[in-house]
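Peer 1: Return atomic coordinates for the entry below.
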Amino acid sequence: MRHPLRSLVLPVLVLGLVASACSGDDDDTSTTTAPEADLSGDGLTIGFIRPPAGLFDLLGAAQAGGLALAADDIAAGGGVLGGPLTVVEGLPEPARGAELVFDDLVDDGVNLIVGPSSSEEAQLIIPKIASADAVVCGASTTAPGLPELPEAEGRFVRTSFDDNVVALHAFDRIRERTASIVDRAPRVALVSRGDAYGDGISSTLAGLLGLVGTEVLVERYVPEDVLAEGLGERVAALGGDIVVIIGLEEGPRNSRLMEEAGVDPTTMIGLDGFATTRFGAKANVEDPTSLDGLTAIGATGPIDFLTRLTEKDESRDEVLYGAQAYDCAISMALAVEAAGSTDGGAVSAALREVTNDGTICTTYADCAELLRAGENIDYDGPVSYTHLRAHETERTISYAVF
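Peer 2: Sure, this is the predicted structure:
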């Protein structure tokens, strides 16, 4: 998978991947299998370390939807190793974290895994990957430098943007919007989720803006505070020319609170965590148009892919990092097909081969056909489509769009 923005990221050349799984606790797992049709071969099982319940429900629904869609497309494309793709979910809990879910999957013979949801969880799992002969693909693990950690040994890959790339893209958009302010320093308010994700992007973006003389004001909030009392008023008091909101599932609520406190939605920019369907209605069910003009920037994939994703299953009508999970699964399935094996080392090497420097293909069916014909391929899935056309990932939210 080519990454036209790789010059902005450190040398992370592989962005997409996944492939095999089963979980150790029946109470915490569920299985989704693509329609088998005439597929009678071995097939492939991949693990999915699902985001834990709570504030990450949105990510879990979208990523599960992306994996289910990948299973359908792989079946329609002739399968992998002659059979269907099966996805087995493991759900972290307070007493059984993502690293233990990883252990259970490996113990059950599953060494190709999508997940976990957060960068903190990935840092706990990465030291275990090589000894388990596993390959792990992060669809929403965005902290800088994770694939380059020595312990990863090339076996941890991801399809999500590095937070530094998100910050750089947001920086460019802010500079464009404040270019007309010439009589004073522009004021930018960063409304930041108080965790590693929010703190990381906020810190990078504040540093970039400071270098060009922008006045930066930061309002950090606790994501578990479901009431967020006073947040809107505090942000309004900052008087930012631009208000950048770095959040996840709480984004619609917080945006509404700011609008109600007097912040103009046209000054608001939400980053990739704002990629959620029916944004306006989630923010304000009585007036879904109240936030029209807010801009969301994120890598979600093209509209036709999002339409397929949301129509796949009404109970999974979410898109946040769904395309990234889809690309993980398709990339890993192609790597397994190319290697003819689920051996972790072989799959890790093949991932680089099927996502770089070959004939460009954009669907599993086309890519698999080329592989079977003996050609080298460069899989460019929905996330790559977004990378190539970054301007298309930014749109003004209205009730009709989200």
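Peer 1: and stretch 293-308, how far from the chain's centre?
Peer 2: 12 Å (C-alpha atoms, centre = their mean, to the nearest Å).
Peer 1: first to last residue in it, what's the distance?
Peer 2: 26 Å (C-alpha to C-alpha, to the nearest Å).
Peer 1: for it, which positions count as buried?
Peer 2: For stretch 293-308, the neighbour count (16 or more other C-beta atoms under 10 Å) marks 294-301, 305-306, 308 as buried. C-beta here means a position set from N, CA and C on the backbone, and glycine is covered the same way.
Peer 1: now, which of the residues you listed lie within helices?
Peer 2: Using DSSP state H, the subset of these located in helices is 305-306, 308.
Peer 1: ok, residue 282 - how many residues close by?
Peer 2: By other C-beta atoms under 10 Å, the residues close to residue 282 number 19.
Peer 1: shift numbering so it begins at 774
Peer 2: Sure thing, new numbering starts at 774, so read that last one as residue 1055.
Peer 1: Contact partners for it?
Peer 2: Counting by C-beta atoms under 8 Å, 6 or more residues apart in numbering, residue 1055 makes contact with 1025-1026, 1049.
Peer 1: any idea how far residue 1079 is from the closest residue to residue 1039 other than its chain neighbours?
Peer 2: Using C-beta to C-beta, 6 or more residues apart in numbering and skipping the chain neighbours, the partner closest in space to residue 1039 is residue 1066 (3.8 Å). Separation of residue 1066 from residue 1079 (C-beta to C-beta, to the nearest Å): 21 Å.
Peer 1: Please apply the same query to residue 839.
Peer 2: With C-beta to C-beta as the criterion, residue 839 and residue 1079 are 10 Å apart.
Peer 1: for residue 872, same thing?
Peer 2: 32 Å.
Peer 1: Kindly report the same for residue 936.
Peer 2: From residue 936 to residue 1079 the distance is 22 Å (C-beta to C-beta).
Peer 1: Likewise for residue 817?
Peer 2: 25 Å.
Peer 1: Kindly report the same for residue 1151.
Peer 2: For residue 1151 relative to residue 1079 (C-beta to C-beta), the value is 23 Å.
Peer 1: do the same with residue 862
Peer 2: Separation of residue 862 from residue 1079 (C-beta to C-beta) stands at 22 Å.
Peer 1: How about residue 1049?
Peer 2: 11 Å.
Peer 1: Which stretches in the chain count as helices?
Peer 2: Using DSSP H, helices in the chain cover 830-849, 871-880, 892-902, 936-950, 969-984, 1004-1011, 1024-1033, 1052-1056, 1076-1085, 1095-1112, 1117-1127, 1137-1145, 1155-1161.
Peer 1: Please report how far the residue sitting nearest the centre point of the chain lies from residue 1045.
Peer 2: With distances taken as C-alpha atoms, centre = their mean, the residue of the chain nearest its centroid is residue 1094 (3.1 Å). Distance, residue 1094 to residue 1045, by C-beta to C-beta: 8 Å.
Peer 1: and what of residue 945?
Peer 2: For residue 945 relative to residue 1045 (C-beta to C-beta), the value is 15 Å.
Peer 1: higher neighbour count, those two?
Peer 2: When residue 945 and residue 1045 are compared for neighbours, residue 1045 comes out ahead with 26 against 13, by other C-beta under 10 Å.
Peer 1: Now for the more buried one: which residues touch it?
Peer 2: So residue 1045 contacts 934, 939, 1070-1073, 1093 (C-beta under 8 Å, 6+ apart).
Peer 1: go on, residue 1070?
Peer 2: 939, 942-943, 946, 1042-1045, 1047, 1166-1167.
Peer 1: now, among those, which is nearest to residue 1018?
Peer 2: Among the contacts of residue 1070, residue 1043 lies closest to residue 1018 (C-beta to C-beta), at 4.7 Å.
Peer 1: what pairs with that closest one across the strands?
Peer 2: Using DSSP bridges, the bridge partners assigned to residue 1043 are residue 1018, residue 1069.
Peer 1: what sits against it?
Peer 2: Shown in contact with residue 1043 (C-beta under 8 Å, 6+ apart): 1017-1018, 1020, 1024, 1028, 1067-1070, 1170.
Peer 1: Dump these to CSV, plus distance to residue 959 and pLDDT.
Peer 2: CSV is the format used below for these (distance: C-beta to C-beta, whole Å; pLDDT from 0 to 100):
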residue, distance to residue 959, pLDDT
1017, 12, 97
1018, 17, 97
1020, 22, 91
1024, 23, 91
1028, 21, 95
1067, 19, 92
1068, 16, 90
1069, 21, 86
1070, 18, 84
1170, 22, 33
